[in-house]
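1. kindly return the folded structure for what I paste below:
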Amino acid sequence: MNFKKELAAILFELLEQEISADELELMVEKPKNASHGDLAFPCFTLAKLKRKSPNMIAQELSEKIQSPIFEQTEVVGAYLNLFLNKKLVSEKVVSEIITQTGHFGAHEFGGGGNVTIDMSSPNIAKPFSMGHLRSTVIGNALALIVEKCGYKPIKINHLGDWGTQFGKLITAYQLWGDAEQVKQNPIKELLALYIKFHKEAEIDSSLEDQGRSWFKRLEDGDEEALMLWQWFRDESLKEFSRIYELMNIQFDSYAGEAFYNDKMDRVVQLLEEQQLLVESDQAQVVELTDEQLPPCLIKKSDGATLYATRDLAAALYRKENYNFAKSLYVVGHEQSLHFKQLIAVLSKLGYPWAEKMVHVPFGMMLKDGKKMSTRKGKVVLLEEVLTESIAMARHNIEEKNPNLANKDEVAKQVGVGAVIFHDLKNNRMNDIEFSLEEMLRFEGETGPYVQYTFARGCSILRKGNWQADVPPANCHTTWEKEWKVISMLIEFPNAIQRACENLDPSQVAKYVVDLAQAFNKYYAEVKVLEESTEQPARLALVYSVTVVLKEGLRLLGIEAPEEM
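-> Below you'll find the predicted structure:
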């Protein structure tokens, strides 16, 4: 199925092994214009080697290439353009998809290596906002994509369950909190207290000192502080679990920042042993001048440890417990400096595996062009968005298909899928403007459009009494009309590989939109269900499209309803 690889192997032999097959494969291109063939090989690099013009080399290769998978070659300047044998390749592709079904597009280059994925990581005692959606869905999609490429993902929800904000929250609760109100509506009440603290602290700066003091008591194991912290944490986790269940997302670990409290002394000790800790303004830091980075703060002047200390402890723990081949941190781009410092400090400590740690940054979720802020109370709650999206999907179903059997289940699949897809279709570095209306449109680049195309394909197969047991051998068709769709199906494994290598789920999201568009265009032009000798081949193509659309959506963490 990797025709670039097949062409590279042929060229390797023709060029008498002067350039490796892997290098040749990297040189093979896919022309932007279909009239220039399915594959193109530029001969510029060979000109120096052969001491001939690129055009002459292209001509010579064109005359020598003999393979049943290519029906035609042509030379345009320095390029050798190749056209795949439509009938042979189409039957091969469709047979492979029918045989492999959901395994189609899989790779094995992961070799079973563990990949830890630090993702989602909401803050305890704060609501799960739209701002946390990005880390959650990008991380979940990356877990599914790396698994498809032969790795073993380990999803870690590194909860924000420690830090100065808990000192502030405890201070606010002691001053203005009401136990009964918190019990009745924990997250809402705790958020209100947190917002009030910041408003009051603008007037009375001594509140900040009280907050720091309470956090120090918490770090030192103060009974009252620990009791309040545990209560806030338990209530928050109940709320988060409900949202994860709605999105069908599970985790392998909920070890948050607090989990590493008893593991930080070791980090400080290691840094001291290697004489990497220096004093700066009464605080303990690791100098990173050679790395052209600001110093990494390890301990504050009052002895309290920091975010970096915990992340160093977490990195050591993950390497020792999971022996990761890669360790991904799906965290907003504003934390880029922190991760550069983290990796630099581990490298200074002499850990070669530090280079396997990768920050996967992403842009912000904006509301009216501005960042959402919990501190200022400007926040859009994810659960409310999901609920509203499901309700809008349910309303659409009532209008367009009131007799649908499992309306509630489909509304959930479409509503949740719409929110996830709206995020993942964008390159992760782009900021996203929050818009429910945009998410739920059935036209254009949306989740419901791809799901609807899948459901349409399933409907065609039901009407055509399609049986997927036997791959269609010797189909009575030239596959000319089907070729654009076939060309898209060939690309699926490449889209998955690109998504994995670039840690970018949008590669898969864009792919399923393109495949859906190519299929809908084909269906508008060809009478698939018309009784003819070509019908079995056409139904086989429809089936192949449904398999790939369903698997593409699955890799994004989205379900595909068979009826809508």
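2. report the buried residues of stretch 72-80.
-> Within stretch 72-80, the residues that qualify as buried are 73, 75, 78-80, counting by 16 or more other CB atoms under 10 Å. No exception for glycine: its C-beta is placed from N, CA and C like everyone else's.
3. so where do the strands sit in the stretch 351-500 of the chain?
-> 357-360, 365-367, 370-371, 432-433 (DSSP state E, counting those that start in this stretch).
4. can you check the stretch 101-250 of the chain too?
-> 114-118, 152-156.
5. make CSV out of these and add distance to residue 297.
-> Conversion of these to CSV gives the following (distance: least, CB to CB, whole Å):
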stretch, distance to residue 297
strand 114-118, 20
strand 152-156, 24
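6. tell me what the helix or strand encompassing residue 8 is packed against?
-> Following DSSP states H and E, one finds residue 8 within helix 3-14. Applying 3 or more CB pairs under 8 Å, 6 or more residues apart in numbering; DSSP states H and E, we find helix 3-14 packed against helix 21-27, strand 39-42, helix 54-64.
7. so which residues make contact with it?
-> 19-22, 24-25, 28, 38-39, 41, 61, 64-65, 67, 69-70, 82, 84, 89, 490 (CB atoms under 8 Å, 6 or more residues apart in numbering).
8. just name the most buried of the strands of the stretch 101-250 of the chain.
-> Mean neighbours per residue, mean count of other CB atoms under 10 Å, is largest over those for strand 114-118, with a mean of 25.
9. distance from that one to the middle of the chain?
-> On the basis of CA atoms, centre = their mean, to the nearest Å, strand 114-118 sits 13 Å off its chain's mean C-alpha point.
10. that strand pairs with which strands, and in what direction?
-> As defined by DSSP bridges, the strand partners of strand 114-118 come to strand 152-156 (parallel), strand 326-330 (parallel).
11. so where's this protein uncertain?
-> The chain contains residues with pLDDT under 70 at 303-305, 372-378, 469-476.
12. make it 80
-> Counting by pLDDT under 80, the ranges of the chain that qualify are 1, 131, 302-306, 367-380, 434, 436, 439-442, 468-477.
13. name the single longest helix found in it.
-> Longest helix in the chain, counting residues (DSSP state H): helix 223-247.
14. gap between the helix or strand following it and the chain center?
-> Later in the chain than helix 223-247, the nearest helix or strand by DSSP H and E is helix 264-273. On the basis of CA atoms, centre = their mean, helix 264-273 sits 34 Å off its chain's mean C-alpha point.
15. what helices or strands is helix 264-273 leaning on?
-> Applying 3+ CB pairs under 8 Å, 6+ apart, we find helix 264-273 packed against strand 296-299, helix 307-322.
16. neighbouring contacts of the next helix or strand after it?
-> Once the chain leaves helix 264-273, the next helix or strand it forms, by DSSP H and E, is strand 277-280. Residues outside strand 277-280 that contact it (CB under 8 Å, 6+ apart) are 268, 271, 284-287, 295, 298.
17. pairing partners for strand 277-280, with directions?
-> Checking strand 277-280 against DSSP bridges gives partners strand 283-286 (antiparallel).
18. show residues contacting the partner strand.
-> Contacts with strand 283-286, where a contact means CB under 8 Å, 6+ apart, come from 268, 271, 276-279, 295-301, 345, 348.
19. mind putting the helices and strands packed on helix 3-14 into JSON lines with distance to residue 534 and mean neighbour count?
-> Below are the helices and strands packed on helix 3-14 laid out as JSON lines (distance: least, CB to CB, whole Å; neighbours: other CB atoms under 10 Å):
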{"stretch": "helix 21-27", "distance to residue 534": "35", "mean neighbour count": "15"}
{"stretch": "strand 39-42", "distance to residue 534": "27", "mean neighbour count": "21"}
{"stretch": "helix 54-64", "distance to residue 534": "33", "mean neighbour count": "17"}
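20. between the ones you listed, which gets nearest to residue 535?
-> Taking CB to CB, strand 39-42 is the member of the helices and strands packed on helix 3-14 nearest to residue 535, at 30.6 Å.
21. which secondary structure elements does the closest one contact?
-> Contacts defined by 3+ CB pairs under 8 Å, 6+ apart place strand 39-42 against helix 3-14, helix 21-27, helix 54-64, strand 79-84.
22. next one: it to chain centre, how far?
-> Centre-to-centre, strand 39-42 and its host chain are 31 Å apart (CA atoms, centre = their mean).
23. state the next helix or strand along the chain beyond it.
-> Counting by DSSP H and E, what follows strand 39-42 is helix 44-50.
24. return the most buried member of the helices and strands packed on helix 264-273.
-> Between the helices and strands packed on helix 264-273, strand 296-299 has the highest mean count of neighbours, a mean of 22, where neighbours are mean count of other CB under 10 Å.
25. run the chain-centre distance for that strand.
-> Between the centre of strand 296-299 and the centre of its chain there are 31 Å (CA atoms, centre = their mean).
26. could you do stretch 335-349 as well?
-> Taking mean C-alpha positions (CA atoms, centre = their mean), stretch 335-349 and its chain are 23 Å apart.
27. may I see the buried residues of stretch 272-282?
-> In stretch 272-282, counting by 16+ other CB under 10 Å, buried: 276-277.
28. for stretch 104-112, same thing?
-> 104-105, 110.
29. what helices or strands is the longest helix of the chain leaning on?
-> With 3+ CB pairs under 8 Å, 6+ apart as the test, helix 223-247 has helix 133-148, helix 164-176, helix 186-203, helix 206-219, helix 382-400, helix 407-424 packed against it.
30. most neighbours per residue, which of the ones you listed?
-> Counting by mean count of other CB under 10 Å, helix 133-148 has the highest mean neighbour count of the helices and strands packed on helix 223-247, with a mean of 24.
31. ok and it relative to helix 407-424, angle-wise?
-> Relative orientation of helix 133-148 and helix 407-424, computed by axes from the mean of the first three to the mean of the last three CA atoms, to 10 degrees: 90 degrees.
32. hey, C-alpha coordinates of helix 133-148 in CSV?
-> Output in CSV follows, covering the C-alpha atoms of helix 133-148 (Å, rounded to 0.1, in the frame of the first residue of the first chain):
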residue,chain,number,x,y,z
LEU,A,133,-10.9,21.2,26.5
ARG,A,134,-7.8,21.6,24.3
SER,A,135,-5.3,19.6,26.5
THR,A,136,-7.9,17.0,27.1
VAL,A,137,-9.0,16.3,23.5
ILE,A,138,-5.5,16.8,21.9
GLY,A,139,-4.0,14.5,24.5
ASN,A,140,-6.7,11.8,24.0
ALA,A,141,-6.3,11.9,20.2
LEU,A,142,-2.5,11.7,20.4
ALA,A,143,-2.9,8.6,22.7
LEU,A,144,-5.1,6.9,20.0
ILE,A,145,-2.8,8.0,17.2
VAL,A,146,0.4,6.8,18.8
GLU,A,147,-1.3,3.5,19.7
LYS,A,148,-2.2,3.1,16.0
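33. let me know the angle separating it from helix 382-400.
-> If you take the same axes, to 10 degrees, helix 133-148 sits at 80 degrees to helix 382-400.
34. just want the angle from helix 133-148 to helix 223-247.
-> Here helix 133-148 points in a direction 60 degrees away from that of helix 223-247 (the same axes, to 10 degrees).
35. for helix 133-148, packing partners?
-> strand 114-118, strand 152-156, helix 223-247, strand 326-330, strand 357-360, helix 407-424, helix 492-501, helix 535-555.
36. if I look at residue 360, how far off is residue 143?
-> Distance of residue 360 to residue 143, given as CB to CB, to the nearest Å: 12 Å.
37. residue 97 now?
-> From residue 97 to residue 143 the distance is 24 Å (CB to CB).
38. and residue 521, by the same measure?
-> To residue 143, residue 521 is 33 Å away according to CB to CB.
39. can you check residue 318 too?
-> 15 Å.
40. quick one: contacts for the closest residue to residue 367 other than its chain neighbours?
-> Nearest residue to residue 367, sequence neighbours excluded (CB to CB, 6 or more residues apart in numbering): residue 434, at 5.2 Å. Residues in contact with residue 434, defined by CB under 8 Å, 6+ apart, are 130, 365-367, 380, 385.
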